[in-house]
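Undergrad: when you get a sec, could you give me coordinates for this:
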Amino acid sequence: MESLEAGFWALGLRVAGVDEAGRGAWAGPIVVGAVILPPGRYPFKDSKLLTPKAREALAEEVRRVALAHALGLAEVEEVDRLGVYRATLLAAKRALSALALPPEALVTDYLPLSTPLPLLAPPRADRESPSVAAASILAKVHRDRLMAELDRLYPGYGFAQHKGYGTPEHQEALLALGPSPVHRRRFNPVRASLRFPQGP
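TA: Numbering: from 1, shown residues only. Model prediction:
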């Protein structure tokens, strides 16, 4: 099966794949990756289908073969102020602006960016586009490292394990400790934890 960007490549266009990590998490930033690959076939897959070790190895390969790659972040305050969707668009804009080469077409994972460039934005694009899969890998690897650092700064929440996503353990930590400075107050489970008395 042809990749989503194959038609753009056939026209000689530089294609940037764009994908995010952390959109649904209760804590931490949203990270968006943007990757321009030369035309070809690649082993990159949706980062959610890979083990952490495989993601790390493929992230190195992405950085090695890409014509350009960059990351854009939306911090917790921006997620709370703008909402998840608009914060994701902001992070995507930052990632694309940081690319060393300007893209001439875009493929995103169901993210309808406002752009004059040709754009494909189907759902599950990270499974049909190596450029989007590569962006997904870079975004996920970077965000996982950030969450491991936040785990050291704010121990007790388990950020290194669940990466800020909603798990029973994360819920229990929220109720016991209250939200940390890197929790998104916009999210209902975080907001609800503010109403409960915290333990000693």
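Undergrad: rest of the way, CA atoms for contacts and neighbours
TA: Fine.
Undergrad: distance between the longest helix seen in the chain and the chain's centre?
TA: Ranked by residue count under DSSP state H, the longest helix found in the chain is helix 130-153. Here helix 130-153 shows a centroid-to-chain-centroid distance of 7 Å under the convention C-alpha atoms, centre = their mean, to the nearest Å.
Undergrad: all strands for the chain, in order.
TA: Listed in chain order, the strands found in the chain under DSSP state E are 15-21, 30-36, 68-74, 105-108, 119-120.
Undergrad: elements contacting the first one?
TA: In this structure, strand 15-21 packs against strand 30-36, helix 84-97, strand 105-108, helix 130-153, with contacts taken as 3 or more C-alpha pairs under 8 Å, 6 or more residues apart in numbering; DSSP states H and E.
Undergrad: let's see it at 6 Å
TA: On a contact count with 3 or more C-alpha pairs under 6 Å, 6 or more residues apart in numbering; DSSP states H and E, strand 15-21 meets strand 30-36, strand 105-108, helix 130-153.
Undergrad: name the residues of the last one that come out as buried.
TA: Going back to what we said before, that points to helix 130-153. Within helix 130-153, the residues that count as buried by 16 or more other C-alpha atoms under 10 Å are 130-144, 146-148, 150-151.
Undergrad: give the rounded mean pLDDT of that helix.
TA: On average, the pLDDT along helix 130-153 is 98.
Undergrad: for the first one, same thing?
TA: On average, the pLDDT along strand 30-36 is 98.
Undergrad: starting at the chain centroid, how far to it?
TA: Shown here is strand 30-36, whose average C-alpha point lies 7 Å from the average C-alpha point of the whole chain (C-alpha atoms, centre = their mean).
Undergrad: name every strand pairing with that strand and say which way it goes.
TA: Within its sheet, and counting by DSSP bridges, strand 30-36 is paired with strand 15-21 (antiparallel), strand 68-74 (antiparallel).
Undergrad: on that earlier part again, want to throw the strands of the chain into CSV with mean neighbour count?
TA: Compiled in CSV, the strands of the chain are given as follows (neighbours: other C-alpha atoms under 10 Å):
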stretch, mean neighbour count
strand 15-21, 29
strand 30-36, 31
strand 68-74, 24
strand 105-108, 26
strand 119-120, 20
